[in-house]
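Chemist: using only what follows, build the 3D model:
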Amino acid sequence: MFSKWKYRFRNFGPVDDAVLQLGDLTVIAGRNNTGKTYMVYALYGFLRGLSERMVKVMDSWSNNGQVSNALGANVDFVVGELLESGEFRRQVNCGDLEIDRERLVQGAVSLFSQSELDDVYGAERGTFDSAVFDVEIDRPQFRHNTLAYELRESMELVVSFQEETLYFFLNQARGKEETGSAIHPRELGNWLRKVYIHYLMLDVFDHPRQPHCTTSARLSVSLFHQNLETDLRFRFRELHQEELIKSQDGSEWIPGGTVRRSSRYSLPIEEEINFTKGIPSPFAPQPSKGEPSPVSDIEKMTGGYYTKEDDVVFFNSSEDNDRQFCIPLYLASSSAIELSNLYFYFAMGRHSEDLILIIDEPESHLDTINQVNFARALARWVNSGVRVLVSTHSDYIIKELNNLIMLDSDFEGKCKVRERLGYEDSINPRKVKAYVAKNGTLIECDKDKYGIDMPHFDKTIDNINAVSNELTARLSAEEGDK
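Modeler: The predicted structure follows:
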């Protein structure tokens, strides 16, 4: 269901009005300065804080005297019922649950669009006041599910919808309430909001999961992360004074705005710095020895694997490399540095925990052969269940994805052709969404059994070939005259 949501961007830098719908693999291409990164960063910022944002929306309902359509009462009342009798139940229909879900999503959209966009881009307050981020969600019939969530040892909160009745149960081991471990009403209220929101989103996507973004600045982050700080920016961001503050002892404090401008990163870059700094040390994953996996895909492209010891990342040669080495990452090739964060992301198992992997300009510092290998890796990752969004300038990646789409069709002698051409994978075109960023909007590309129709690259290549053909003909004619 998550893939059916439509994200709308208005007045985002060069983007006037664009709509994006995600597939299992989503590809955005386009020229420089067409807004690809603007849209990718906004989507990341929205999905990253969606869970906490929805909790704030439920809080605002209570503060403004509003109630959930399905609960029909404020959270404090439901908490009281649970603490007194261990259960709360109410006759509702599917429509009430669907409306609650839509209210929560739209409330989260409003919070994000009105108050968080500047921080996503690390921009000055008011920079994105005219920008609008919106989400159009489908409203499928609500499925009958039961969710049990362990709040603490020997205590769980269960929510279920059966036979037009919404149930909440607080299950607590007998005797625990007498031992001083009874839950406080405020704590239970916080959990109730989180569990109810999670329950409403079960058939949409695994709501608490977060996106992961590897930015076009990843090479710099990998090299210089030890010298990059982000924690101070969070503190400085809370300072809003515009003039020097004079204390009683005559000292003056620097204006908050001036300090903020001295250290600002966009949210995805901040998170990439934090991720890189958070790689455990020591960390020594075993080389894959060629066994198919995302880690082995990166080892194939780089010719080595990565370890970390004493907070220093090392690049190690593959076992089949004639020249064995173990060197600090800063001495490795730019492609090895470029792919190091993705390697640790997969080696640490983050792909099984995150909602979507966003890769901005994956072709950076990769030669043409590795751009082709990266496209094949994308297909394997998506087929294994990883949802991926990439923004790219690489026609090699697009053309190889088209080859993989064609290989998904049935044709005579397919197995022998695949073996002769050296392919093991393919990708179903129904899993792919592709767009070109152009003229302030996103243009969705058609797809069929032959692949993605993306004239953005074809036109450039045709122009180069036409110039080359004309110049070749003229030079040949000149030689003929002689």
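Chemist: His212 versus the closest residue in space to Asp453 that isn't next to it in sequence, what's the distance?
Modeler: Leaving aside its sequence neighbours, Asp453 sits nearest to Asp446 (C-beta to C-beta, 6 or more residues apart in numbering; 4.4 Å). C-beta coordinates here come from the backbone N, C-alpha and C atoms, glycine included. The gap separating Asp446 from His212 is 30 Å, by C-beta to C-beta, to the nearest Å.
Chemist: those two: which is more packed in?
Modeler: His212 (23 against 9; other C-beta atoms under 10 Å).
Chemist: any idea how far Asp360 lies from Glu163?
Modeler: From Asp360 over to Glu163 (counting by C-beta to C-beta), the distance is 48 Å.
Chemist: looking at these two, which one has more neighbours?
Modeler: Higher neighbour count among Asp360 and Glu163: Asp360, with 22 against 7, using other C-beta under 10 Å.
Chemist: can you pull the pLDDT of the closest residue to that one other than its chain neighbours?
Modeler: Excluding the flanking residues, the one nearest Asp360 by C-beta to C-beta, 6+ apart is Ser216, at 4.6 Å. We have a pLDDT of 90 for Ser216.
Chemist: Ser216 contacts Thr37, correct?
Modeler: Yes - using C-beta atoms under 8 Å, Ser216 makes contact with Thr37 at a distance of 7.3 Å.
Chemist: what's the overlap in contacts for these two?
Modeler: Asp360 (C-beta atoms under 8 Å, 6 or more residues apart in numbering).
Chemist: neighbour-wise, which of these two wins?
Modeler: Thr37 (22 against 17).
Chemist: can you give me the strands for the stretch 151-300 of the chain?
Modeler: Secondary structure of the stretch 151-300 of the chain by DSSP state E, counting those that start in this stretch: the strands cover 155-162, 165-172, 212-214, 245-246, 252-253.
Chemist: packing partners of the third one?
Modeler: Packed against strand 212-214 by the contact rule (3 or more C-beta pairs under 8 Å, 6 or more residues apart in numbering; DSSP states H and E) you find helix 36-48, helix 267-277, helix 340-347, strand 357-360.
Chemist: and if we set it to 6 Å?
Modeler: strand 357-360 (3 or more C-beta pairs under 6 Å, 6 or more residues apart in numbering; DSSP states H and E).
Chemist: strand partners (parallel or antiparallel) of the strand it packs on?
Modeler: Strand 357-360 pairs in its sheet with strand 212-214 (parallel), strand 388-392 (parallel), by DSSP bridges.
Chemist: which parts of the stretch 301-450 of the chain are strands?
Modeler: Using DSSP E, counting those that start in this stretch, strands in the stretch 301-450 of the chain cover 304-309, 312-317, 326-328, 357-360, 388-392, 432-438, 441-444, 447-448.
Chemist: save those strands as TSV, and put in distance to Glu270 and mean pLDDT too.
Modeler: Shown next, in TSV, are the strands of the stretch 301-450 of the chain (distance: least, C-beta to C-beta, whole Å; pLDDT from 0 to 100):
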stretch	distance to Glu270	mean pLDDT
strand 304-309	21	93
strand 312-317	19	93
strand 326-328	25	94
strand 357-360	14	95
strand 388-392	19	96
strand 432-438	24	96
strand 441-444	26	96
strand 447-448	35	93
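Chemist: adding distance to Leu421, write those strands out as a markdown table.
Modeler: As requested, the strands of the stretch 301-450 of the chain are exported to a markdown table (distance: least, C-beta to C-beta, whole Å):
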| stretch | distance to Leu421 |
| --- | --- |
| strand 304-309 | 27 |
| strand 312-317 | 29 |
| strand 326-328 | 35 |
| strand 357-360 | 26 |
| strand 388-392 | 23 |
| strand 432-438 | 20 |
| strand 441-444 | 29 |
| strand 447-448 | 20 |
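Chemist: if we can go back for a sec, dump the strands paired with strand 357-360 to JSON lines, plus distance to Ser51.
Modeler: Output for the strands paired with strand 357-360, formatted as JSON lines (distance: least, C-beta to C-beta, whole Å):
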{"stretch": "strand 212-214", "distance to Ser51": "15"}
{"stretch": "strand 388-392", "distance to Ser51": "19"}
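Chemist: quick one, which of those strands gets closest to Glu400.
Modeler: strand 388-392 (11.4 Å; C-beta to C-beta).
Chemist: what does the closest one contact?
Modeler: 25-29, 36, 40, 357-360, 362-363, 382 (C-beta atoms under 6 Å, 6 or more residues apart in numbering).
Chemist: how far does it sit from the chain's center?
Modeler: 10 Å (C-alpha atoms, centre = their mean, to the nearest Å).
Chemist: that strand vs strand 432-438, what angle?
Modeler: 30 degrees (axes from the mean of the first three to the mean of the last three C-alpha atoms, to 10 degrees).
Chemist: run the angle between strand 388-392 and helix 36-48 for me.
Modeler: Using the same axes, to 10 degrees: strand 388-392 against helix 36-48 is 160 degrees.
Chemist: dump strand 388-392 to PDB, keeping only the CA atoms.
Modeler: In PDB, the C-alpha atoms belonging to strand 388-392 read as follows (Å, rounded to 0.1, in the frame of the first residue of the first chain):
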ATOM      1  CA  VAL A 388      15.400   1.600  -3.400                       C
ATOM      2  CA  LEU A 389      15.200   5.100  -4.700                       C
ATOM      3  CA  VAL A 390      18.000   6.500  -6.900                       C
ATOM      4  CA  SER A 391      18.600   9.800  -8.600                       C
ATOM      5  CA  THR A 392      21.100   9.500 -11.400                       C
END
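Chemist: mind saving the C-alpha coords of stretch 303-315 as PDB?
Modeler: C-alpha atoms of stretch 303-315 as PDB (Å, rounded to 0.1, in the frame of the first residue of the first chain):
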ATOM      1  CA  GLY A 303      37.900  -5.500  -5.500                       C
ATOM      2  CA  GLY A 304      38.100  -5.600  -1.700                       C
ATOM      3  CA  TYR A 305      36.300  -5.400   1.600                       C
ATOM      4  CA  TYR A 306      36.300  -3.000   4.600                       C
ATOM      5  CA  THR A 307      37.100  -3.300   8.300                       C
ATOM      6  CA  LYS A 308      37.300  -0.800  11.100                       C
ATOM      7  CA  GLU A 309      39.800  -0.800  14.000                       C
ATOM      8  CA  ASP A 310      40.700   2.000  16.500                       C
ATOM      9  CA  ASP A 311      38.200   4.200  14.700                       C
ATOM     10  CA  VAL A 312      40.100   3.900  11.400                       C
ATOM     11  CA  VAL A 313      38.500   2.300   8.400                       C
ATOM     12  CA  PHE A 314      40.700   0.000   6.300                       C
ATOM     13  CA  PHE A 315      40.300  -1.200   2.800                       C
END
